[in-house]
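Visitor: Below is the structure, and that's it, no one-letter string:
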């Protein structure tokens, strides 16, 4: 197989305007999956139709898949878009995953421009930011693949791998319906997939490309503490009864301290200490306290040591208390919030999990620990420990396989530097399902956007340079992957990370 | 002076129906002081007018006092009703305080009957409960005084004391405007007042009358902990930053434990240990864990020892955490509550204070303690400590003066048992102002209702027997007080408490 056909780069360089137009059209469809009104859901369906047409225009054998009603509702889920391009048994097959739904956005949330009008804004450093909801999460990346395929085809270059596409419209809503579908079709529609490439995350900072080989898992919980059946006056009963809030605070304080250290030995014992070699991985990552402070617009980092910060995000579990609520609304007209002992209080918290912490095991350990701590409180109030909603296991791949080598070389070819290798602190449930279905180490997260892209927040953006270079990385990655898997690796080194 | 004229009791016994009619009329006026709409405020004004007419019908020299606009609003405060009956320089002067406004109430809050229709309900033990908003808090008691004066007059008995009346319509709203008025008129309209009798609290249980000689003070506070200027994703930033919620929980856990013990030495040091003699006071009170459990409809008492419970309520300070809130609403469309590290959190708490804990001193000590504890946390987040709203100093009177002796004997005369002497766990700011103005030990709280009257809650009630007997106690109290102060005490013993 010859070296990468530079005609493709030329095509990409001369069709930037088309790519921006394509993204502009997509951003203009406010495909907010959180909106379950008929009109709102129709927007996501419109976006599904848009993606279907994009793939069909590339001669992809594309179709939509009805996933039935959304969990707990009678509203239909937006249809998946799946597709097949190439079935050559001599080629490897790559599954491309992404999503076409977006987070809600209103100008009044703090947007400088209309969120659903892709707007070019100078970045002050000679570049252009394309601002709009979905620009980086995840319409830019999935259209990057469309642009990539188009560039191959229009350049007259045979695509060196078979492709499968899986684009969903419910990623921002826990990928409702998708995991079952993947498990069901792993040996059906997706039979023969060798590699999975996910384009749904970001560089760690704004300058160094990243390949992502791990994700933290997640599990959410609620603890309720219940006392009397009604709120009681703090003047009359304060000093006579156990107050549920004080019990709850004691329990929460037993779970995590203010240094973000989890205090549950059985939970911590599941996490091996990092090896010296592993620590080197984090030392190699281009990141600094300054990056954290810029991203948070504050100086609230737990450490001034880069490696400690990065391992805190990627390599160790965390426990975050999201909210504490009173069982009865403070607006209850008969009980002034100002003088009440709330009779029932709840805390919601989640844990981000790392190997070998599976949500099921963690739930059992938490249940046991909280029971023990509650007993120590010697209170007459009672508690409930309630696991909440969907969970995701942590995922970590070894990153010395063909897909990572191909992406590493592609990054080097386009950006002139080797990528950092990182793990994400967040959780992408579908990644675990894909890893289960197609092999743990065959999944790669190949981010397009930068660390300051503001996904989920006002003024979400994708830099033009990331968009255009991202298409080149995708094209080169496919080329390299075909070479890698044909046994003619040209990677300059395999001593990753570089 | 002769013994108590039994004609008055006869009059009271034969006019119960009139008394119920009078209370029915008053309850029918929904004088909800929390309602600041013009229509709502007019109801409180109507009730002020009603009380004015009641006093005028008794030939009281009564008038209304305009207190100007309500704090922070342009709405006018409901007018006070003040009055004078008798100016005989040879008689002592008693100031009667009560209020004619009520807490909000809607049938849907859980009332069995319309809250503003006084409804007779059998109590299952042969008695009748009069159910309605304001029945016990505080329309029953203030109309008790009206009934009492009427009984004297209609029985042709000269009232043995001069009376001043002070009825307000904003008690449920921190007595807005009243404290300044009292301070201003203590040597004006109220010049010469010797004793103050407040009818605005309740027996401790349902069987034993009570005289109340103390109140806990109150001070409210807020602690805010602030991190980054926006909520951050728990996956990306969990493990990298100090989480404000964890800081707040640590601070709250340093203030009070789940055994309701305040953990602030400087605050606790202000409270003397109870003497053996004092403990006997609590041993003498008719109360049990069973009373607590019935009142709370639960078994959540801090102790099985009656004295410990009572001192916890009356004699020791407490610290109650009322609510913990996130700075940004969880409904913010751009940040799912489920995955957010809240960037700003707040806790509201209050302290109930006892001698010698004045709110001002406590605020300083708390400020100092929290600063010290926050420093120990070694966090980069910041905090604010914010004293909130009105405060009240604690008040404790010696209860061996004429007013207490008169009330003790009156209780014995009517109920055949000596009253318990208690301190209230709650706070009545105006009581402190009255104590300051007219002498600490000249203030008496003379409750009419029972411990299960549900003031502020649905199905507020006043037992008919408490209403009718309460009028007799009031009448006898005035008679006894005149005797006490003329130096011819007939109290069977002065070794209080009995």
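Guide: Received the coordinates, thanks. Source: prediction; values computed, not measured.
Visitor: Show me how chain A divides into domains.
Guide: As assigned by automatic domain parsing, chain A contains the domains A:7-215+A:394-485, A:217-271+A:316-392.
Visitor: Would you single out the least confident of those?
Guide: If you rank the domains of chain A by mean pLDDT, domain A:217-271+A:316-392 sits at the bottom with a mean of 91.
Visitor: so how far does it reach from one end to the other?
Guide: 5 Å (Cα to Cα, to the nearest Å).
Visitor: And for stretch A:64-76?
Guide: Rule used - Cα to Cα; the end-to-end distance of stretch A:64-76 is 13 Å.
Visitor: That one near chain B at all?
Guide: No. Contact of stretch A:64-76 with chain B is not found when judged by Cβ under 8 Å from any Cβ of the partner chain; the minimum separation is 14.9 Å. The C-beta positions use only the backbone N, C-alpha and C, and glycine is treated the same way.
Visitor: which residues of the stretch 101-250 of chain A fall in helices?
Guide: Listed in chain order, the helices of the stretch 101-250 of chain A (DSSP state H, counting those that start in this stretch) span residues A:140-154, A:178-185, A:234-237, A:244-255.
Visitor: Any idea which residue of the stretch 301-450 of chain A lies closest to chain B?
Guide: Using Cβ to the nearest Cβ, residue A:426 is the residue of the stretch 301-450 of chain A that sits closest to chain B, at 2.8 Å.
Visitor: ok, how many other residues are close to that residue?
Guide: Number of residues near residue A:426 (other Cβ atoms under 10 Å in any protein chain shown) recorded here: 20.
Visitor: Which residue, other than its chain neighbours, is closest to it?
Guide: residue B:235 (2.8 Å; Cβ to Cβ, 6 or more residues apart in numbering or on different chains).
Visitor: Make CSV out of the domains of chain A and add distance to residue B:287.
Guide: Shown next, in CSV, are those (distance: least, Cβ to Cβ, whole Å):
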stretch, distance to residue B:287
domain A:7-215+A:394-485, 49
domain A:217-271+A:316-392, 10
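Visitor: of all those domains, which lies closest to residue B:443?
Guide: Each of those has some distance to residue B:443 by Cβ to Cβ; the shortest is domain A:217-271+A:316-392, at 17.6 Å.
Visitor: Which positions in the stretch 51-200 of chain A make contact with chain B?
Guide: A:103, A:104, A:105, A:106, A:109.
Visitor: Nearest to residue B:72, out of the helices of the stretch 101-250 of chain A?
Guide: helix A:234-237 (23.7 Å).
Visitor: ranking the residues of the stretch 51-200 of chain A next to chain B by neighbours, who comes first?
Guide: residue A:105 (24 neighbours).
Visitor: ok, the closest residue to it other than its chain neighbours - contacts?
Guide: Spatial nearest neighbour of residue A:105, chain neighbours left out: residue A:115 (3.7 Å); criterion: Cβ to Cβ, 6+ apart. Residue A:115 makes contact with A:30, A:105, A:106, A:107, A:109, A:132, A:133, A:458, A:460, according to Cβ atoms under 8 Å, 6 or more residues apart in numbering or on different chains.
Visitor: my guess is the first one contacts residue A:102, does it?
Guide: By that I understand residue A:30. Yes. Shown here, residue A:30 and residue A:102 form a contact pair, counting by Cβ atoms under 8 Å, at 7.3 Å.
Visitor: Of the two, which one has the most company?
Guide: Neighbour count, other Cβ under 10 Å: between residue A:30 and residue A:102, residue A:102 has more, with 32 against 18.
Visitor: Surely that one touches residue A:135?
Guide: No. Checked against Cβ under 8 Å, the pair residue A:102 and residue A:135 is beyond contact range at 9.3 Å.
Visitor: about what we covered before: check the contacts of residue A:115 and tell me the two furthest apart.
Guide: Pairwise distances across the contacts of residue A:115 (Cβ to Cβ) peak at 14.6 Å, for the pair A:30 and A:458.
Visitor: Among the contacts of residue A:115, which one sits closest to chain B?
Guide: Nearest to chain B, judged by Cβ to the nearest Cβ, of those is residue A:109 at 5.5 Å.
Visitor: correct me, but the closest one touches residue A:460?
Guide: No. With contact defined as Cβ under 8 Å, residue A:109 does not count as touching residue A:460 (10.7 Å).
Visitor: What are the boundaries of the strands in the stretch 201-350 of chain A?
Guide: Using DSSP state E, counting those that start in this stretch, the strands of the stretch 201-350 of chain A run over A:210-215, A:217-226, A:232-233, A:318-326, A:340-341, A:344-353.
Visitor: Which of those strands sits closest to residue A:449?
Guide: Short answer: strand A:210-215, nearest of the strands of the stretch 201-350 of chain A by Cβ to Cβ, at 10.2 Å.
Visitor: For that closest one, what is the distance to the chain centroid?
Guide: 11 Å (Cα atoms, centre = their mean, to the nearest Å).
Visitor: State whether the residue nearest to residue A:426 and residue A:424 are indeed in contact, as I suppose.
Guide: Yes. Residue B:235 lies in contact with residue A:424 (Cβ under 8 Å); the separation is 7.0 Å.
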